[in-house]
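Trainee: this one's structure only:
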């Protein structure tokens, strides 16, 4: 059995071992694979593991031996579920491995914007505190979270974890969710998107990217938000119109934008958000803690083992 990992570097840049996966067959691991390289590298593979390499259409036509795709992520937009089913290919993902890590990153952004930790640490490296006339100084507004309202769009695993953290900080929590009010954890109030925009001091996007949610934050929806609100996006870059958010930051409508995702990754150097001093962008690393990557690889390898044993798990396409 031939197993190929097409883009293993981000999940495992060398701090973990692929040995357990190699015990299942002949294993080849590539750090990265371009679209042009997929067919040559995967042509004889029975099993493919990948995170971002797109496996659709003509590509699948040229992979006659392929029986299993293991996605090294939760999202599976790199495949077409119905197409893989027609071709007899089982596809598994890795659900909920990064819930704690992504929620932690969301609050890292919130706290950085409210307390400006990075700003003051940088200034003090340059001697600002040493030159201060008083025992302390500040040149930005500083805010506490207690009594503020956190709005969440999408109440899955990450949204629920954000709720738990927010409640500890003393925040009120409102959410837009498909769940009924009776299904919601204690302390969450369900509302509409317009209602959420109106009440949120901090708005967190944790929903999937669909045609309904694409650019859901735009000039029109931003106009309905509180002046000085904070926007956080740790889900998908295209949930926002980046030019509109950049304009809202420049105008002072938004106090800050914290994001771990962009519409194009890596982003174009002329992306308007990169020029905004109150936009704080991390390079899609919320999922990448050592602990989360260990869970990711462990589950991905278990998925392969389950498929080989005839009992596939975490399957995302109808089989």
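Mentor: Arrived safely, thanks for sending. This is a predicted model, so every value here is computed, not measured. Residues are numbered from 1 along each chain as shown.

Trainee: Roughly how far does residue 31 sit from residue 49?
Mentor: Distance, residue 31 to residue 49, using C-beta to C-beta, to the nearest Å: 13 Å. The C-beta positions use only the backbone N, C-alpha and C, and glycine is treated the same way.

Trainee: Spell out which residues are contacts of both of those two.
Mentor: residue 8 (C-beta atoms under 8 Å, 6 or more residues apart in numbering).

Trainee: okay, how far is it across stretch 84-92, tip to tip?
Mentor: Length of stretch 84-92, first residue to last, C-alpha to C-alpha, to the nearest Å: 11 Å.

Trainee: And the contacts of it?
Mentor: For stretch 84-92, contacts defined as C-beta under 8 Å, 6+ apart pick out 55, 60, 66-71, 76, 79, 81, 300, 303, 306-307, 312-319.

Trainee: from those, which ones fall inside helices?
Mentor: 60, 81, 300, 303, 306-307 (DSSP state H).

Trainee: Quick check: the farthest pair among those?
Mentor: Using C-beta to C-beta, the pair of the ones in helices among the contacts of stretch 84-92 lying farthest apart is 60 and 306, separated by 22.0 Å.

Trainee: Which one of these two is surrounded by more residues?
Mentor: For the pair residue 60 and residue 306, the greater number of neighbours falls to residue 60 (19 against 16), based on other C-beta atoms under 10 Å.

Trainee: Wait, that one touches residue 82, no?
Mentor: No: if you go by C-beta atoms under 8 Å, residue 60 and residue 82 don't touch, sitting 11.9 Å apart.

Trainee: distance of residue 317 from residue 61?
Mentor: From residue 317 to residue 61 the distance is 17 Å (C-beta to C-beta).

Trainee: Residue 223: neighbour count?
Mentor: When neighbours are defined as other C-beta under 10 Å, residue 223 has 11 of them.

Trainee: ok, now the one 5 residues further on?
Mentor: Counted with other C-beta under 10 Å, residues neighbouring residue 228 total 13.

Trainee: where does the spatially most central residue of the chain fall, helix, sheet strand or coil?
Mentor: The centre of the chain sits closest to residue 235, judged by C-alpha atoms, centre = their mean, with a distance of 3.9 Å. Assigned by DSSP: H, G, I helix; E, B strand; the rest coil, the conformation of residue 235 is coil.

Trainee: Spit out the contact partners of the nearest residue to residue 285 once chain neighbours are set aside.
Mentor: Distances taken as C-beta to C-beta, 6 or more residues apart in numbering place residue 260 nearest to residue 285, at 6.6 Å, with adjacent residues excluded. Residue 260 is in contact with 102, 105, 109, 233-234, 281-286, counting by C-beta under 8 Å, 6+ apart.

Trainee: Report the buried members of those residues.
Mentor: 102, 105, 109, 233-234, 281-282, 284, 286 (16 or more other C-beta atoms under 10 Å).

Trainee: Now intersect these with the helices, please.
Mentor: 102, 105, 109.

Trainee: Can you tell me which of those is nearest residue 206?
Mentor: residue 102 (8.0 Å).

Trainee: Against residue 75, how distant is the residue nearest to the closest one when sequence neighbours are not counted?
Mentor: Leaving aside its chain neighbours, residue 102 sits nearest to residue 286 (4.4 Å; criterion: C-beta to C-beta, 6+ apart). For residue 286, the distance to residue 75 (C-beta to C-beta) stands at 13 Å.

Trainee: Ok, residue 271 next?
Mentor: Using C-beta to C-beta, one obtains 22 Å as the distance from residue 271 to residue 75.
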